[in-house]
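S.K.: This is a predicted model, with the sequence first.
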Amino acid sequence: MEPSATYQVTVTVNGERRTAKVDPRTSVLDLLRERLGLTGAKKGCDHGQCGACTVLVDGRRVNACLALAVAYDGARLTTVEGLAQGDAGANLSPLRFSPGGATPRTPRGTGDEGANLSPLQQAFIDHDALQCGYCTPGQLCSAAGMLTEPGPSAVTADPRQEPELTPGEIRERMSGNLCRCGAYVNIVKAIAAVAETKGAVP
Amino acid sequence: MRPFRYARATDAADAVARYRPGTAYLGGGTNLVDLMRLGVAAPDQLIDVTGATIKGVFTLPNEPGRLFIGAATRNSDVAAHPAVREFYPMLARALVSGASGQIRNMATVGGNLLQRTRCPYFQDTSMACGKRDPGSGCQANAPGADTENLAILGHCESCRATHPSDMAVALTALGATVHVTGPAGDRQIPMPGLHRLPGREPERDTVLEDGELINVVELSPETFVPPPVRQAYRKVRERASFAFALVSVAAAIDVGPGGRIGAARLALGGVAHAPWRCHYAERALAGASASRAAFEHAADAELRPARPLPGNEYKVRLARNLITATLEELVTPGGAGPSPGKRP
């Protein structure tokens, strides 16, 4: 077998057009992390079972680890880096993780630095919806996609009805995202808070 | 993962023309890419058919209930489609009972039908598996093998695996027709009939020939019991969500005046190499009066030939209870509605 040819892939990531030459075995996750420098999406299981790699493709959540980059040529991707308006990541890191005992602050009130966290990101902070944070980028992208998905879930009593987004519906709809720290209770609260303000119908 | 070439097919004929031995058609990739990563599948060419086969759910204005579901349609789009939910709520429920939101957004209808078993020995390349390596035997026959999730019906020495799809169980109960394009032309395959039992060729999951490609799945009201029909899909699994079925059941029942059953459709998942249409149970139900005793009798008729493996005897009892409880809920006035809301 000859070595794999490389394929040119162009994607729009968080509004920016990016091109890379990839081996066809490259996943969208590896394209983002290893080639485009976007390490927000995380590699957990690499088998589609944990959801840490969740990104949005044309607004729909997918497991980036199971997506071959060549098959997503031309796609419009949103990663956790693209959920906020402005470069929230650049502000968050020094604020929350600066060495030397700087007082940690939440990014709220840092509007002068040009970053506006998305309502989901702010709700995750407000509701303490994370511990180690490894699953959080996937949880956030998954929740962002979930809030726009129509139709019944496995716990909807009558599949013909549009259900209300109860905590039970949120749990079922978020079951593709695992959290080893067990922050589920507050993740559900954070998502429910955003859904309520948006008047979201799944 | 072994190297491969990748190409996008423009339509079904183009995909079939590009097919040669060693090719795999790529849908959403949620199963195939994983199997390639595990070393279970090693195609040298991927033909991406997500832009080649039919995409979307189509209805006819004067034939309510007649649906054409394109093979490239994502599972989540089928589950959310108004006509699917109105006429075939068991199909919508089966779809959303499978996998996770992310995977349902990726997975196609064609790929869902053709997904491979999750038998632990199929997925582990260090184990004997005649489905993965024809002629290499079946590790599930070894003393002390992990058989918990394996078959109780229709299996044999060559293979004890089960088919993992939820959607296919509903399509089997509903008597769907699968439209296929292939090197020898087009043909239609009725369900049940797409998936096969292992026999001497455990490596073949379906009756599809090399290069054949699923293009459309058709649902027709004539092949189904007439309304008013109550439908349900119930799935028992080891955790509340995002797990494969231990046993699942797709059921539809038409109860006439006086509580007499006109017709019933039943299929089981998680029990065999193929989604298991319950012909014996359906025959037992037709004309019987709708009662717990009749449902138990029907379940027993279906499960009499069951041959559980050491370690999965529980599935026989589970299947019996699941059939009985699901039918009871369906015929309880004001109870479950068109599809039971209670989680198994």
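M.R.: Yep, that arrived.

S.K.: could you point out the longest helix in chain B?
M.R.: Once chain B is assigned using DSSP state H, the helix that runs over the most residues is helix B:314-331.

S.K.: What is that one packed up against?
M.R.: With contacts taken as 3 or more C-beta pairs under 8 Å, 6 or more residues apart in numbering or on different chains; DSSP states H and E, helix B:314-331 sits against strand B:230-236, strand B:247-255, strand B:261-269, helix B:292-303. For glycine as for every other residue, the C-beta is placed from the backbone atoms N, C-alpha and C.

S.K.: Quick one: neighbours of the nearest residue to B:Ala267 once chain neighbours are set aside, just the number.
M.R.: Using C-beta to C-beta, 6 or more residues apart in numbering or on different chains and skipping residues adjacent in sequence, the residue nearest B:Ala267 is B:Ala173, 3.8 Å away. Neighbours of B:Ala173 under the rule other C-beta atoms under 10 Å in any protein chain shown: 32.

S.K.: Am I right that B:Ala173 sits in a strand?
M.R.: No: counting by DSSP: H, G, I helix; E, B strand; the rest coil, B:Ala173 is not part of a strand but helix.

S.K.: looking at it, it is touching B:Ala250, isn't it?
M.R.: Yes: B:Ala173 is within contact range of B:Ala250, at 3.9 Å (criterion: C-beta atoms under 8 Å).

S.K.: what touches both of the two?
M.R.: Both B:Ala173 and B:Ala250 are contacted by B:90, B:265-267, under the criterion C-beta atoms under 8 Å, 6 or more residues apart in numbering or on different chains.

S.K.: tally of neighbours for residue 178?
M.R.: Chain wasn't specified; assuming chain A. If we define neighbours as other C-beta under 10 Å, then A:Leu178 has 19 of them.

S.K.: nope, chain B please
M.R.: 24.

S.K.: That one pairs with what?
M.R.: B:Ile189, B:Val217 (DSSP bridges).

S.K.: distance of it from B:Arg74?
M.R.: 18 Å (C-beta to C-beta, to the nearest Å).

S.K.: Check B:Gly56 too.
M.R.: Counting by C-beta to C-beta - B:Gly56 and B:Arg74 are separated by 10 Å.

S.K.: cool, and B:Arg317?
M.R.: Taking C-beta to C-beta, one finds B:Arg317 at 36 Å from B:Arg74.

S.K.: So which of the two has more stuff around it?
M.R.: Set B:Arg317 next to B:Arg74 and count neighbours by other C-beta under 10 Å: B:Arg74 wins out with 25 against 12.

S.K.: How about that one, nearest residue that isn't a chain neighbour?
M.R.: Here the residue nearest B:Arg74, using C-beta to C-beta, 6+ apart, is B:Asn105, at 5.8 Å.

S.K.: Tell me the pLDDT of the residue of the stretch 101-250 of chain B found nearest chain A.
M.R.: For the stretch 101-250 of chain B, the residue closest to chain A is B:Ser241, as judged by C-beta to the nearest C-beta, at 3.6 Å. B:Ser241 is assigned a predicted lDDT (pLDDT) of 97.

S.K.: go on, B:Phe224?
M.R.: 62.

S.K.: Just among the shared contacts of B:Ala173 and B:Ala250, which is most surrounded?
M.R.: Going by other C-beta under 10 Å, B:Ala267 tops those with 31 neighbours.

S.K.: Strands of the chain, residue ranges please.
M.R.: You didn't pick a chain, so chain A it is. A:7-13, A:16-22, A:54-57, A:60-63, A:76-78 (DSSP state E).

S.K.: my bad, the chain I had in mind was chain B
M.R.: B:5-8, B:23-26, B:45-48, B:57-60, B:63-70, B:177-182, B:185-190, B:213-219, B:230-236, B:247-255, B:261-269, B:276-277.

S.K.: can you tell which of the ones you listed is closest to A:Val155?
M.R.: For A:Val155, the closest of these is strand B:230-236, at 11.7 Å, according to C-beta to C-beta.

S.K.: wait, does stretch A:172-188 make contact with chain B?
M.R.: Yes: judged by C-beta under 8 Å from any C-beta of the partner chain, stretch A:172-188 and chain B are in contact via A:172-177.

S.K.: returning to that earlier point: which ones are touching the residue nearest to B:Ala267?
M.R.: B:90, B:250-252, B:265-267, B:277.

S.K.: And for A:Asn186?
M.R.: A:127-130.

S.K.: so what's the closest residue to it other than its chain neighbours scoring on pLDDT?
M.R.: Closest residue to A:Asn186 apart from its sequence neighbours, by C-beta to C-beta, 6+ apart: A:Ala129 at 4.2 Å. On the pLDDT scale, A:Ala129 is placed at 98.

S.K.: With A:Arg160 instead?
M.R.: 91.

S.K.: residues touching the residue nearest to it when sequence neighbours are not counted, list them.
M.R.: Nearest residue to A:Arg160, sequence neighbours excluded (C-beta to C-beta, 6+ apart): B:Arg85, at 4.8 Å. Listed by C-beta under 8 Å, 6+ apart, the contact set of B:Arg85 reads A:151-152, A:159-160, B:79, B:92.

S.K.: if we go to 7 Å?
M.R.: Shown in contact with B:Arg85 (C-beta atoms under 7 Å, 6 or more residues apart in numbering or on different chains): A:152, A:159-160, B:92.

S.K.: So which of the contacts of A:Asn186 wins on neighbours?
M.R.: A:Ala129 (26 neighbours).

S.K.: surely B:Gly182 meets B:Gly211?
M.R.: Yes: B:Gly182 is within contact range of B:Gly211, at 5.5 Å (criterion: C-beta atoms under 7 Å).

S.K.: Common neighbours of the two, please.
M.R.: By C-beta under 7 Å, 6+ apart, the residues touching both B:Gly182 and B:Gly211 are B:Val16.

S.K.: nearest to A:Arg18, of the contacts of A:Asn186?
M.R.: A:Leu130 (28.0 Å).

S.K.: In this structure that closest one contacts A:Thr136, no?
M.R.: Yes: shown here, A:Leu130 and A:Thr136 form a contact pair, counting by C-beta under 7 Å, at 4.7 Å.

S.K.: Now do the buried residues in the longest helix anywhere in chain A.
M.R.: Scanning chain A for the helix with the most residues, using DSSP H, yields helix A:184-198. For helix A:184-198, a neighbour-count test (16 or more other C-beta atoms under 10 Å in any protein chain shown) marks A:184, A:186-195 as buried.

S.K.: who touches the most centrally placed residue in chain A in this structure?
M.R.: Nearest to the mean C-alpha position of chain A, by C-alpha atoms, centre = their mean, lies A:Cys141 at 2.3 Å. By C-beta under 7 Å, 6+ apart, the contact set of A:Cys141 is A:54-56, A:61, A:79-80.

S.K.: and chain B, which of these contact it?
M.R.: Applying C-beta under 7 Å from any C-beta of the partner chain to the contacts of A:Cys141, one finds that A:54, A:61 fall near chain B.

S.K.: Flag every residue of chain A that's near chain B.
M.R.: A:1, A:3-5, A:7, A:24-25, A:46-48, A:51, A:54, A:60-63, A:66-68, A:70-71, A:142, A:146, A:149-155, A:157-160, A:172-173, A:175-176.

S.K.: just the buried members of these?
M.R.: For the residues of chain A next to chain B, buried by 16+ other C-beta under 10 Å: A:4, A:7, A:24-25, A:46, A:48, A:51, A:54, A:60-63, A:66-68, A:70-71, A:142, A:146, A:149, A:151-155, A:158-160, A:172-173, A:175-176.

S.K.: If I look at A:Thr197, what pLDDT would I see?
M.R.: Reported pLDDT for A:Thr197: 85.

S.K.: Skipping its backbone neighbours, what lies nearest it in space?
M.R.: A:Pro119 (6.9 Å).

S.K.: Which residue is the nearest non-sequential neighbour of B:Ala92?
M.R.: A:Pro159 (4.1 Å).
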